[in-house]
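**Q** Any chance you could fold what I've pasted below:
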Amino acid sequence: MSETKVSELPAVESLEADALLLITQGGKSQSATIEQLMLLAPKMKLKGSLTSGNWSSNYPDNPSSDNAAGKLGNASYWKTEATLYSAPVGTQTALAKLELQKSTGIPCDADGNPLPYQLLVGDMRYSQTTVPQVDIWLIVFGTPTQTMDLIRKNMRPLGLVDDVQYDPHYVLNYWWVE
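**A** Modelled structure (predicted):
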């Protein structure tokens, strides 16, 4: 008997009310009909919150750590573990959207030219005994030395200047199902 990957199955063209669907949540698989899902939909509550903070340049250059900063070839990176404190303990379904904080700005080179960057949200980590956590990354292609406030076009240093640490800031919006 050969196995078929889910990604290789043909797309559904129509669904009848009694069609049987496979649903996996919290590591358990179950089946449900379209009718059953429609009855559950009003009971499902989508909640949301946000958190903000900064990526720190003071962490070691070790991407496998919970918090890290360093170089990846000619790119600079920052990584931190974000905890979704507003989600209830035991939450098993969540999603997140990551943005740079506009007031602290986008990464720029020494001449004030904006540098290309990538924001990444890792896989959500769930537990029955804690709130969800997720790794968030900022990867800047080049060597950022300052950031530009997008509204006022003010420049702000990046890194250690006169014994003061300036780091990039993020806003993480997240949602979960109760």
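
**Q** Which parts of this structure belong to which domain?
**A** Residue ranges for the domains of the chain, per automatic domain parsing: 6-42, 46-177.

**Q** In a markdown table: those, plus mean pLDDT and mean neighbour count.
**A** C-betas here are computed from N, CA, C, even on glycine. Converted to a markdown table, the domains of the chain look like this (pLDDT from 0 to 100; neighbours: other C-beta atoms under 10 Å):
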| stretch | mean pLDDT | mean neighbour count |
| --- | --- | --- |
| domain 6-42 | 67 | 9 |
| domain 46-177 | 92 | 15 |
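
**Q** where exactly do the helices run in the protein?
**A** Ranges of helices within the chain are 34-40, based on DSSP state H.

**Q** Just give me the residue closest to the centre of it.
**A** When C-alpha atoms, centre = their mean is applied to the chain, the residue found nearest the centroid is V121 (2.8 Å).

**Q** roughly how far apart are that one and W176?
**A** As judged by C-beta to C-beta, to the nearest Å, V121 and W176 stand 14 Å apart.

**Q** Nearest residue to K71 in space, please, no chain neighbours.
**A** The shortest distance from K71 to any non-neighbouring residue, by C-beta to C-beta, 6 or more residues apart in numbering, is to D61 (6.7 Å).

**Q** nope, P116 is what I meant
**A** F141 (4.6 Å).

**Q** I'd assumed P107 was in contact with that neighbour.
**A** No - between F141 and P107 there is no contact under C-beta atoms under 8 Å: 9.2 Å.
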